[in-house]
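A.B. asks: quick one, structure for this:
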Amino acid sequence: MLLPDRHLVADLLARYRAWERLVLADPLDETTRGRFEDVAYTLCVLMGQRTAREAIWQAEAYLRRIRPVPLFPDRTRPDGAESITPGFRE
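C.D. replies: The predicted structure is shown next:
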């Protein structure tokens, strides 16, 4: 099963929250509401959910269970030095 990029999910959640605050500050601004709805729709599609609320729950749960991926899986940097990534030392 293909999973969305965690950085993209985190970015969309941040955008959703930012647009949400702007809509709450000025609920009659149609441009702001439209952009908020665009981000909500994208989040729904990415997370495979029908409502923004469900998509947010799924995205937050997804980000909680995803572990950081090391930049250099072989535990060394290209220059041959030992990796300083926390949690990957033996």
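
A.B. asks: look up how far residue 56 lies from residue 23.
C.D. replies: The spacing between residue 23 and residue 56, counted by CB to CB, to the nearest Å, is 15 Å. C-beta coordinates here come from the backbone N, C-alpha and C atoms, glycine included.

A.B. asks: those two: who's more crowded?
C.D. replies: residue 56 (20 against 17; other CB atoms under 10 Å).

A.B. asks: buried residues in whichever strand or helix holds the more buried one?
C.D. replies: Element membership of residue 56, judged by DSSP states H and E, is helix 52-65. Buried residues in helix 52-65, counted by 16 or more other CB atoms under 10 Å: 52, 55, 56, 58, 59, 62.

A.B. asks: nearest to residue 31, of these?
C.D. replies: residue 52 (18.4 Å; CB to CB).

A.B. asks: just give me the neighbour total for residue 40.
C.D. replies: Residue 40, neighbours per other CB under 10 Å, totals 20.

A.B. asks: what helices or strands is the helix or strand hosting residue 16 leaning on?
C.D. replies: Using DSSP H and E, residue 16 falls within helix 6-25. For helix 6-25, the packing partners by 3 or more CB pairs under 8 Å, 6 or more residues apart in numbering; DSSP states H and E come out as helix 30-47, helix 52-65.

A.B. asks: next, the angle from it to helix 52-65.
C.D. replies: Counting by axes from the mean of the first three to the mean of the last three CA atoms, to 10 degrees, helix 6-25 lies at 140 degrees to helix 52-65.

A.B. asks: pLDDT of helix 6-25, averaged?
C.D. replies: For helix 6-25, mean pLDDT is 95.

A.B. asks: what does stretch 40-60 rub up against?
C.D. replies: 4, 8, 9, 12, 13, 16, 62 (CB atoms under 8 Å, 6 or more residues apart in numbering).

A.B. asks: which of the residues you listed are buried?
C.D. replies: 4, 9, 12, 13, 16, 62.

A.B. asks: got JSON lines for those, with distance to residue 37 too?
C.D. replies: Below are the buried ones among the contacts of stretch 40-60 laid out as JSON lines (distance: CB to CB, whole Å):
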{"residue": "4", "distance to residue 37": "20"}
{"residue": "9", "distance to residue 37": "18"}
{"residue": "12", "distance to residue 37": "13"}
{"residue": "13", "distance to residue 37": "16"}
{"residue": "16", "distance to residue 37": "10"}
{"residue": "62", "distance to residue 37": "22"}
